[in-house]
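Undergrad: Have a look; sequence and predicted model below, questions after that.
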Amino acid sequence: MTFLLDVVSNIDASVFIEHIYPKRRPVILRGVDIGQCVDKWRSVNYLTTKGGGMPVKIHVSATPQMDFINKNFTYKSLPFDKFVQRASEDEHEEFFETKTESYYLRALGDDPRKDKADIHQQFPQLADDIQFPKFFPPDKFFSSVFRIASKGTQLWTHYDVMDNLLIQVVGRKRVILYSPADVDKMYLNGDKSEVLDVDNPDPERFPKFLEAHRHEGILEPGDILFIPALWFHNVIYKDYGVAVNVFWKHLNDSQYDHRDIYGNKDHVPFSRAQQILDRALKTLEELPEEYQSFYGHRLISRIERKVLQKGKPP
């Protein structure tokens with residue numbers, strides 16, 4: 001079943017904080033002031049000139065449907081201006097694999113092993129063009145991720161552990177989301193779904209996925225998509241596109257892994273619980289198989305009573 005995402009126009013911070021944010025559901029925000037970037041960044045020449053020749057690490061794939069689990073892409077480096085020029089083209093005179101290859105930039109911190117992405121740090125010459133909505137406390141800011149991709153690029157379905165705003169600046173983007181309530185239908189490998197083609201999932205490999213409730217919409221230039229933490233999302237670039245994600249911590253700092261610079265490591269209590277579960281399952285292996293099954297079901301029943309019935313995610 002597919003639901004269209006709600007579109008709300010011309011709201012201010014008080015409306016978002018009081019009426020939209022508490023519902024914990026994705027929504028497209030239209031008409032919010034994000035600065036001059038919508039006009040300026042649609043010029044490839046402007047981006048290449050202002051962005052300069054700083055080297056950036058990019059994903060390059062012969063197919064537009066990128067798969068992070070099976071890695072059907074390679075990492076390459078290009079000067080930012082050359083990358084933008086290639087990403088904006090339908091065919092390339094210069095290329096790594098094929099003249100129709102797809103490109104995707106997910107900007108990294110200055111030191112990718114230690115620093116979070118921040119457009120004000122990595123692209124200060126462009127950062128003044130964009131204005132972030134004041135929808136969250138400034139001290140809760142985590143990162144701002146500059147993203148650019150070729151027309152047709154589709155990114156793998158995944159969830160993030162922080163709330164974020166996806167600010168669409170250039171081009172249109174199709175967004176498909178699934179509720180955290182459908183987690184058992186997503187065929188997860190870490191924080192990513194194994195279902196690559198969400199429009200044509202293999203019914204034999206992924207039968208439960210067909211039962212998941214799908215939320216879908218189209219982002220126009222200037223739109224903002226609010227993505228609450230744990231909502232699965234998949235994006236398809238209808239055009240060559242430029243966007244910025246802004247992530248913030250909505251839980252206590254102690255709930256997040258302090259080593260996480262991408263905002264996608266599971267919350268600390270879950271990681272501890274998973275380690276405890278691994279030990280419990282190892283302990284059950286001391287029993288014969290039929291006993292393992294009996295006590296395994298008892299543990300599942302306890303989890304269902306203690307956790308799952310308390311309140312289902314939206």
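TA: Perfect, I can see it now.
Undergrad: C-alpha only now, for contacts and for neighbours.
TA: Fine.
Undergrad: Quickly list what residue 237 is bridged to.
TA: Per DSSP bridges, the residues bridged to residue 237 are residue 173.
Undergrad: what does the one 10 residues further on give?
TA: Here residue 247 shows beta-bridge partners residue 143, residue 164, assigned using DSSP bridges.
Undergrad: That one against residue 160, yeah?
TA: No: in this structure, residue 247 is not within contact of residue 160 by C-alpha atoms under 8 Å, at 9.3 Å.
Undergrad: list residues touching both of these two?
TA: residue 263 (C-alpha atoms under 8 Å, 6 or more residues apart in numbering).
Undergrad: more crowded one of the two?
TA: For residue 247 versus residue 160, neighbours defined as other C-alpha atoms under 10 Å are more numerous around residue 247 (24 against 21).
Undergrad: any idea how far residue 9 is from that one?
TA: 22 Å (C-alpha to C-alpha, to the nearest Å).
Undergrad: What are the boundaries of the helices in the stretch 1-150 of the chain?
TA: For the stretch 1-150 of the chain, the helices defined by DSSP state H, counting those that start in this stretch occupy 13-15, 37-40, 44-51, 80-87, 119-122, 124-127.
Undergrad: hey, which of those helices is tucked in deepest?
TA: helix 80-87 (a mean of 20; mean count of other C-alpha atoms under 10 Å).
Undergrad: Next, the angle from that one to helix 44-51.
TA: Relative orientation of helix 80-87 versus helix 44-51 (axes from the mean of the first three to the mean of the last three C-alpha atoms, to 10 degrees): 160 degrees.
Undergrad: Mind giving me the packing neighbours of helix 80-87?
TA: For helix 80-87, the packing partners by 3 or more C-alpha pairs under 8 Å, 6 or more residues apart in numbering; DSSP states H and E come out as helix 44-51, strand 102-106, strand 141-149.
Undergrad: from the middle of its chain, how far away would that helix be?
TA: 22 Å (C-alpha atoms, centre = their mean, to the nearest Å).
Undergrad: Mind listing what's buried along stretch 64-80?
TA: Residues 64, 65, 66, 67, 68, 73, 80 are the ones in stretch 64-80 that count as buried (16 or more other C-alpha atoms under 10 Å).
Undergrad: whoops, stretch 89-101 was the one
TA: Neighbour-count burial for stretch 89-101 flags 89, 92, 100, 101 (criterion: 16+ other C-alpha under 10 Å).
Undergrad: which intervals of the stretch 151-300 of the chain have sub-threshold pLDDT?
TA: Within the stretch 151-300 of the chain, not a single segment meets pLDDT under 70.
Undergrad: List the buried residues for stretch 1-17?
TA: 5, 7, 16.
Undergrad: So in terms of bridging, what pairs with residue 3?
TA: residue 215.
Undergrad: Just to check, residue 201 is in contact with residue 187?
TA: No: Residue 201 is not in contact with residue 187 according to C-alpha under 8 Å; the separation is 11.4 Å.
Undergrad: ok, back up a step: out of the buried residues of stretch 64-80, which is nearest to residue 303?
TA: Nearest to residue 303 among the buried residues of stretch 64-80: residue 68, at 31.0 Å, using C-alpha to C-alpha.
Undergrad: Now do the closest one against residue 122, distance only.
TA: From residue 68 to residue 122 the distance is 24 Å (C-alpha to C-alpha).
Undergrad: Chain neighbours aside, what residue packs nearest to residue 86?
TA: Spatially, and ignoring its direct neighbours in sequence, residue 86 is nearest to residue 92 (6.4 Å; C-alpha to C-alpha, 6 or more residues apart in numbering).
Undergrad: how about JSON lines for the helices and strands packed on helix 80-87, with mean pLDDT and distance to residue 21 added?
TA: Below are the helices and strands packed on helix 80-87 laid out as JSON lines (pLDDT from 0 to 100; distance: least, C-alpha to C-alpha, whole Å):
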{"stretch": "helix 44-51", "mean pLDDT": "96", "distance to residue 21": "33"}
{"stretch": "strand 102-106", "mean pLDDT": "97", "distance to residue 21": "26"}
{"stretch": "strand 141-149", "mean pLDDT": "97", "distance to residue 21": "16"}
